[in-house]
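*Asks:* Sharing a sequence plus its predicted fold:
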Amino acid sequence: MFQSIRVALPARLPVRLVRWNSTGPVLPPLMATLRTDLKTAMRAKDTTRLNVLRALISETNNAAKTASPIQTDIQLLSLIRKRLNAAKDAAKEFETAERPDLKEKEDAQVVVLEEYAGQVKTLPAAEIEEIVTKAINDMISAGTKPNPGAVFKALFATNGPLDGKPVDRKNEVSPVVQAVLKKVLP
């Protein structure tokens, strides 16, 4: 009657190997240090360092969900400086409120934050001032009146003198631009 036809199938079908991973935001190198130090602080039961590191990592993770995620050490340094200023202000307020216990806690956090802020290498202030002065003098010699916006545009333009350099625009470059403009313009 019917004869069955046997089809020879390979013993093992080739399986396409796919590596599933996320290509999320690139984290700054200092972030790896923060995460390893977090583990060390947990093991050592260093609550002050643990609280500071958890707060920094949490703020970095929250920023990753916004339009401007933290992707460089300079952006992370800006966040650390922001937390540092807040801790210093809180310490002053606790001192005026005669709360030495809380002031001591904030001072301990300031020490930890300053330690991490010191790990990020930026251009020296003298070099920044030299670059800004040269840019302003170039603008004046070209016949354009320098204002802070135009100076920033010239400094951070593509292939500009500070393009891609490790500098904090708000805390390092802006005060220098303002100071040099006051010297140059009457």
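*Replies:* Great, that's in hand. Numbering: from 1, shown residues only.

*Asks:* Just give me the neighbour total for residue 41.
*Replies:* 19 (other C-beta atoms under 10 Å). Placement of C-beta: from N, CA and C, glycine included.

*Asks:* same question but for residue 177, I mixed them up
*Replies:* Look at residue 177: counted by other C-beta under 10 Å, it has 23 neighbours.

*Asks:* Alpha carbons only: can I get the helix or strand that contains it in PDB?
*Replies:* In the assignment (DSSP states H and E), residue 177 maps to helix 174-184. Only the C-alpha atoms of helix 174-184 are listed here, as PDB (Å, rounded to 0.1, in the frame of the first residue of the first chain):
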ATOM      1  CA  SER A 174      31.900  81.000  32.800                       C
ATOM      2  CA  PRO A 175      33.600  82.900  35.700                       C
ATOM      3  CA  VAL A 176      36.800  83.200  33.700                       C
ATOM      4  CA  VAL A 177      34.900  84.600  30.700                       C
ATOM      5  CA  GLN A 178      33.100  87.200  32.900                       C
ATOM      6  CA  ALA A 179      36.400  88.200  34.500                       C
ATOM      7  CA  VAL A 180      38.300  88.600  31.300                       C
ATOM      8  CA  LEU A 181      35.500  90.500  29.700                       C
ATOM      9  CA  LYS A 182      35.400  93.000  32.600                       C
ATOM     10  CA  LYS A 183      39.200  93.500  32.200                       C
ATOM     11  CA  VAL A 184      39.000  94.000  28.400                       C
END
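
*Asks:* What are the buried residues along that helix?
*Replies:* Across helix 174-184, burial judged by 16 or more other C-beta atoms under 10 Å covers 176, 177, 180.

*Asks:* which residues sit against that helix?
*Replies:* 125, 128-129, 132-133, 136-137, 140, 146-148, 151-152, 155 (C-beta atoms under 8 Å, 6 or more residues apart in numbering).

*Asks:* Among the residues you listed, which ones are in helices?
*Replies:* Among the contacts of helix 174-184, the members found in helices (DSSP state H) are 125, 128, 129, 132, 133, 136, 137, 140, 148, 151, 152, 155.

*Asks:* tell me the secondary structure for residue 121?
*Replies:* The three-state label given to residue 121 by DSSP: H, G, I helix; E, B strand; the rest coil is coil.

*Asks:* Going forward, count from 169.
*Replies:* Yes, from this point I'll number from 169; that puts the last item at residue 289.

*Asks:* What score does it have for pLDDT?
*Replies:* In the predicted model, residue 289 carries a pLDDT score of 86.
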